[in-house]
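Undergrad: This is a predicted model, with the sequence first.
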Amino acid sequence: MKKAFTMIELVFVIVILGILAGVAISRYFAVGQDSHQAVLISFVGTLNRTMGESFWSLSMNENKNGSIVNLVPNENAKFLSKYIQIPKEINSNDINLSKCGDGEYKTVMTANAKIAGADYNITCKNGTAVAAPYFRLIRIKDNKILVSRD
């Protein structure tokens, strides 16, 4: 007597494989978005730990009282890229460090949603005579601050 799978058994196997494939594919795309967010978190962390301090020091040496607003030339991306690699997730044309807010955070960069998978803003609070400038990463969809120094 020949042994074979029944039609119902084959249908159940196909349904289970379809469900597993659906879960795996959705998780695959979520991992991609998580990696882009991790790049942005790392970038803003580097801005806070090294670049903000360096710009602040440069500003103090040029008697600008810690402010980085007038320190940066018009070509912000070119100026910034001399010191740090700007990730592909950042819209290089939108970088404007001269918008750093005095006492409050203002948007100075945005992320490219097509690459990053979501909208993000990088905001800056300008430096003073006693404090370096601070940068934040904010995810727009839920207004969540992902990186902050204060």
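TA: Nice, thanks for sending it over. In this text, all values refer to a predicted model and were calculated from it rather than measured experimentally.
Undergrad: Look at stretch 115-125 and report the distance between its end residues.
TA: Distance across stretch 115-125, first residue to last, is 26 Å (C-alpha to C-alpha, to the nearest Å).
Undergrad: Flag every buried residue along it.
TA: Of all the residues in stretch 115-125, those buried under the rule 16 or more other C-beta atoms under 10 Å are 116-117, 120-125. Placement of C-beta: from N, CA and C, glycine included.
Undergrad: Can you lay out the residues you listed as CSV showing pLDDT?
TA: Listed next are these as CSV, based on pLDDT from 0 to 100:
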residue, pLDDT
Ala116, 87
Gly117, 85
Tyr120, 95
Asn121, 95
Ile122, 95
Thr123, 95
Cys124, 94
Lys125, 94
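Undergrad: In a markdown table: the residues you listed, plus distance to Met60 and secondary structure.
TA: Converted to a markdown table, those look like this (distance: C-beta to C-beta, whole Å; DSSP: H, G, I helix; E, B strand; the rest coil):
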| residue | distance to Met60 | secondary structure |
| --- | --- | --- |
| Ala116 | 34 | helix |
| Gly117 | 38 | coil |
| Tyr120 | 30 | strand |
| Asn121 | 27 | strand |
| Ile122 | 23 | strand |
| Thr123 | 22 | strand |
| Cys124 | 17 | strand |
| Lys125 | 17 | strand |
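Undergrad: Asn143: which of the residues you listed is nearest?
TA: Asn121 (9.7 Å; C-beta to C-beta).
Undergrad: For that closest one, which residues are in contact?
TA: Counting by C-beta atoms under 8 Å, 6 or more residues apart in numbering, Asn121 makes contact with 107, 109-111, 137-138, 140.
Undergrad: swap the cut-off to 6 Å and go again
TA: 107, 110, 138 (C-beta atoms under 6 Å, 6 or more residues apart in numbering).
Undergrad: Ala113 - how many residues pack around it?
TA: Number of residues near Ala113 (other C-beta atoms under 10 Å) recorded here: 14.
Undergrad: What distance do you get for it to Lys99?
TA: 20 Å (C-beta to C-beta, to the nearest Å).
Undergrad: can you tell me how far Ile145 sits from Ser81?
TA: From Ile145 to Ser81 the distance is 25 Å (C-beta to C-beta).
Undergrad: okay, and the helix or strand of the chain with the least pLDDT?
TA: helix 76-81 (a mean of 79; mean pLDDT, DSSP states H and E).
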